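> Got a sequence here, can you model it:
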Amino acid sequence: MKLKNNMKALIITTLIILTACNLQAQQTAGQVLGAEIIKMLQSDRILLTQQEIDCTGDCSGIGLWKNDKQKKKTLKQNEELKLKLLNKFNPPFYISSGIITDELTFKNKSIGLIGSYIIRNKDLSVINNDITPALPVMSSGNQTSILNPKNSGSSYVLNYNSTNLFEGSLDANVSADFKEYYQAKLQLNTNLSTSERSQICIGAGIFENQLAVIFGNLDQIGSDEFEPVYYLWSEYRKGNIKPGDQIINSFEGLCYFTSKGTESNNNIDANGSLSSSGNYPFIRYDVKTNSNWTSSKKFTSQQNIYNVYMFRQPSFTDIPGVNDITRCWNRLKPDSKIEYVSTNIIPANSPMFLKVKFGPVPDSEALSLIKLDEKFTLNAVPANQQFIKSVKLITNDPKRITYDNEYYYFIIEIERNEAFLTQNFTPLSNVISAELPFRIYYDNPVGNDTLDIVYAPVEIQTERFPTPVCDYEIDPQKDGISYQYKTDVSFNVSNYPISIANLPKPPEVVDVFGLPESIEQSFKKYITDAEFRFKGLNDFSMTINIPVRNNFFNINQRSHEIVLLIEFYASNGTLYKRKLPVKLNAPAGLTEQTSTLPVLIKDNGELLELLNRNAPINQDMTIGDLINKHQTDSDTDVANLVKDLKKYNVLTTSVFGYYYVPVKYIDVTKIR
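This is a model prediction of the structure:
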């Protein structure tokens, strides 16, 4: 209490001196706040402004005095009211000894930007220049803030306004004239609407720059903190980083902002713990915020006026070098294994698919820079095995991408070279294969350094002509007591002088690969009983019948991606065996059922299709509300939607980039 009384006396005494002398070279933090309180009270018409004080003669037209005698009386009452209200102001106790100097004062600046300036030779003048910092900024604005507030290390006055200063009663010894003046100002304050009332929010203590924490610990950060490191890499590519460049690590000081309109947050006094979840630019409520980062050019601060005062020179952190970033990348990148989506066989006239995990990826905008090194893959294939026409990474179709924290799962499409297979026919071997390596990288190198991943080779196969071809996905139709999977199968013979017909017998399925063990034998029997009907030279209709009552599908086994081994005769009398990849989709009636199991979803397109937009997440929000939040026109920012769905426990992710969603959030009528 003694400290606070001394502090108030110091504020009041020095304000009088400052008003007379207009000294600003060196002040205490308390004096700065006292001056700001006066401005706030003037803005709310509680205290007279300087323009009003300067009015001479008859000023009754603007609601003031008629003559000098009345002016003298009013100015005295105004000064007495100023001292009375300032005496009620309790500044944060941490600032009691803080000294303010011009070179360490940063007015009308967002504290969210201060930690992103590149500092050279410890010269802080760049912060006061009218330029945008080059380094990334935490989107929340809480980048440079006080962590883990403690009474001994920081203090706050939040949402402080004129009502706080009018609390309590007047002393009994005040004059009747002043009491009347005071009551009039109290009534004026009471009549202020929330939109008219000014308030001040103050924080004081040790401010820490979260960007410096990340840059100083690249050997320990997780993938969720790689985003600003990636943006730093981009600045190196632009040539904006020089040897010896630093950023502010931490400083001891004061931050405040004033605004019009009362916040809806709870007041928190200097000695209290943080119980409010208000959005204050100088408070961070946990050590690891997992906040998004953005380019400083895209950062939009609040409309509040920020003022930052450092009590002494800050500490600095060296900006990591390119080698530091590549080491961090190599530690965080996923394992180099690529998965087959269904089979390792490239069918004729259609691509096969692989699934690959890549990252960390900072945001969806970086997707356009993620490339597949096609030459790296194709050059690894021997000249006598050039059956691969193209390899392509799909990054521009959000519905075919899945997302798991900071990692993306992409599809690689591989097409076979039909011309090569035609020109290199041999009856000695029907299968041709090769081990394909893959390299995926960010197309923004810094010199000779690139952020990339080289994946372990995977074996890819295809079969020589003649080869069967059909639609990959087959939907069933109900026919009495059975479901029919019916599709046309054509046999591609290229330029060979052979044909596939019905003699000596029609084609038949002799084996099936890829069925779950639990149903393999029972389901396999129905598939190998498939019927082939001759439609014309090299063309057949294939029908697979399964009973209506079966256990081959469920809510999470909505299809089977399998390989059929087909045996058939050609006109040259040769018996061939060739593999045909197909996907058998479940009959709708077998999956439209109540289930307590989470629903397995394999890609973003299926996720958006199956989510029940009317399903409530909580009392205030539905799935549809969350989708609309991330939707612009017809496009949906699925990556950030998935983040929010995980935040609200609507989905979890699994290996291979699949999602699990509780059935209560799914429109089961759309499941097939």
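
> okay, stretch 471-485 in CSV with CA atoms only?
The C-alpha trace of stretch 471-485 is given here as CSV (Å, rounded to 0.1, in the frame of the first residue of the first chain):
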residue,chain,number,x,y,z
ASP,A,471,-14.1,-49.1,-65.4
TYR,A,472,-12.2,-49.1,-62.1
GLU,A,473,-15.2,-48.4,-59.8
ILE,A,474,-18.2,-50.6,-60.1
ASP,A,475,-21.5,-49.9,-58.4
PRO,A,476,-24.0,-52.7,-57.8
GLN,A,477,-27.6,-53.0,-58.9
LYS,A,478,-30.2,-55.0,-57.0
ASP,A,479,-31.7,-57.9,-59.0
GLY,A,480,-34.2,-59.9,-56.9
ILE,A,481,-32.3,-61.8,-54.3
SER,A,482,-28.9,-60.6,-55.3
TYR,A,483,-26.8,-57.6,-56.1
GLN,A,484,-25.1,-57.5,-59.5
TYR,A,485,-21.7,-55.9,-60.3
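
> Can you classify A212 as helix, strand or coil?
With DSSP: H, G, I helix; E, B strand; the rest coil as the basis, A212 sits in helix.

> Isn't Y236 up against V322?
Yes - the criterion here is CB atoms under 8 Å, and Y236 meets it with V322 at 5.7 Å. Backbone N, C-alpha and C define where each C-beta goes, glycine included.

> joint contacts of these two?
V446 (CB atoms under 8 Å, 6 or more residues apart in numbering).

> Show the pLDDT at K69.
At K69 the predicted local confidence, pLDDT, stands at 92.

> Equivalent analysis for K88, please.
Looking at K88, the pLDDT reads 89.

> what about it, how many neighbours?
Neighbourhood size, K88 [other CB atoms under 10 Å]: 14.

> Any figure for the gap between it and N307?
Per CB to CB, to the nearest Å, K88 is found 22 Å from N307.

> hey, where'd the strands end up in the stretch 351-500 of the chain?
With DSSP state E, counting those that start in this stretch, the ranges of strands along the stretch 351-500 of the chain come out as 352-358, 370-372, 388-394, 402-404, 407-416, 431-442, 452-463, 467-469, 473-474, 476-479, 482-492.

> so where do the helices sit in the stretch 501-650 of the chain?
Listed in chain order, the helices found in the stretch 501-650 of the chain under DSSP state H, counting those that start in this stretch are 520-528, 604-610, 623-629, 638-647.

> Which residues belonging to the third one are considered buried?
Judged by neighbour count (16 or more other CB atoms under 10 Å), helix 623-629 contains these buried residues: 623-624, 626-627.

> packing partners for that helix?
In terms of contacts (3 or more CB pairs under 8 Å, 6 or more residues apart in numbering; DSSP states H and E), helix 623-629 is packed against strand 616-618, helix 638-647.

> Identify whichever of these lies nearest to I338.
Closest to I338 of those, according to CB to CB: helix 638-647, at 21.4 Å.

> what helices or strands is the closest one leaning on?
Counting contacts by 3+ CB pairs under 8 Å, 6+ apart, helix 638-647 packs against strand 402-404, helix 604-610, helix 623-629, strand 652-653.
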